[in-house]
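> dropping a prediction and its sequence here:
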Amino acid sequence: LPKDFDWRNTSGVVSAVKNQGMCGSCWAFSATGNVEGVAAIVTKKSVSLSEQELVDCDKLDQGCNGGLPTNAFKTIIDLGGIESESDYPYDGRNEKCHYNRSLSKLAIDSYVVLPEDETALAQWLYKFGPISIGINANAMQFYFGGISHPMKWLCNPNNLDHGVLIVGFGVGKTKILHKTQPFWIIKNSWGPSWGEKGYYRVYRGDGTCGLNLMASSAWID
Ligand SMILES: CCC[C@@H](/C=C/S(=O)(=O)c1ccccc1)NC(=O)[C@H](Cc1ccccc1)NC(=O)N1CCC(N2CCOCC2)CC1
């Protein structure tokens, strides 16, 4: 396993940073980000996928009022696929489902729930692609860059309230003590002006903000 690895360096695996707007659809962006990545690696073709299809058609979840990436994977399997962002564009509000299977760009065969061990997660990411996770977003609302490592009582690992996507990992130097710190690179769905061009770097190795507790991924045979 290399010290640093970032799927953004492999063209087609990570789409542009998106913005969920005033809709609690983070779970859908986490799911499409994972499927986009896994599919690009397996099929060598890249396509930006529809979060709106999940908001409208995933009856296991609550659209703009929240959901789980694993339920989204189940829905993509049950629907027989997912349309592209351009064919089923994002409106950021709950609408009537208008999924059209003939327009579906790709299907997934199953999904896996991943282990909580962060070294195992890094190995999985390196082999198979970006990982959907749940995280406590407390430290993300006041994040302006750098490696975030909030104290546990400020970021309760058991209050997971946001769905995001791990796209890479690395080791960086802290500003003050120049200590090396392992971090995850996380793709958020709050637009490219948030954080580090839409991304969040967070300490890797001690279950910060519960980021290791609900990791999952689609699987394409
Ligand atoms: C109101 C929903 C907000 C939304 C994200 C919104 S957000 O805008 O990104 C944001 C998050 C945090 C601070 C500020 C803004 N959060 C979710 O969808 C989070 C994302 C998440 C949590 C845990 C693990 C993985 C993913 N999920 C959730 O909010 N839910 C998970 C599913 C749950 N269902 C209840 C009925 O039975 C089935 C399950 C409903 C609540």
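Received, thanks.

> give me the residue at the spatial middle of the protein.
residue 165 (2.1 Å; C-alpha atoms, centre = their mean).

> SS state for that one?
Put simply, residue 165 is strand when judged by DSSP: H, G, I helix; E, B strand; the rest coil.

> residues contacting it?
Residues near residue 165 by C-beta atoms under 8 Å, 6 or more residues apart in numbering: 29-30, 33-34, 37, 130-133, 186-187. Every C-beta, even on glycine, is put in place using the N, C-alpha and C of the backbone.

> now pLDDT too, for these, in TSV please.
Shown next, in TSV, are these (pLDDT from 0 to 100):
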residue	pLDDT
29	99
30	99
33	98
34	98
37	98
130	98
131	99
132	99
133	99
186	98
187	99
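
> out of those, which are inside helices?
Assignment to helices by DSSP state H places the following of these there: 29-30, 33-34, 37.

> just to revisit the earlier point, measure the residue nearest to the centre of the chain to residue 198 for me?
According to C-beta to C-beta, to the nearest Å, residue 165 and residue 198 sit 11 Å apart.

> ditto for residue 117
According to C-beta to C-beta, residue 117 stands 27 Å off from residue 198.

> mind checking which of those two has more residues around it?
Neighbour totals were compared for residue 117 and residue 198, and residue 198 leads with 18 against 13 (other C-beta atoms under 10 Å).

> count of neighbours near residue 201?
For residue 201, the count of nearby residues is 22 (other C-beta under 10 Å).

> that one: what's it in contact with?
Counting by C-beta under 8 Å, 6+ apart, residue 201 touches 146-148, 172, 183-186.

> try residue 209
Contact analysis of residue 209 by C-beta under 8 Å, 6+ apart lists 135-139, 150, 155, 157, 202.
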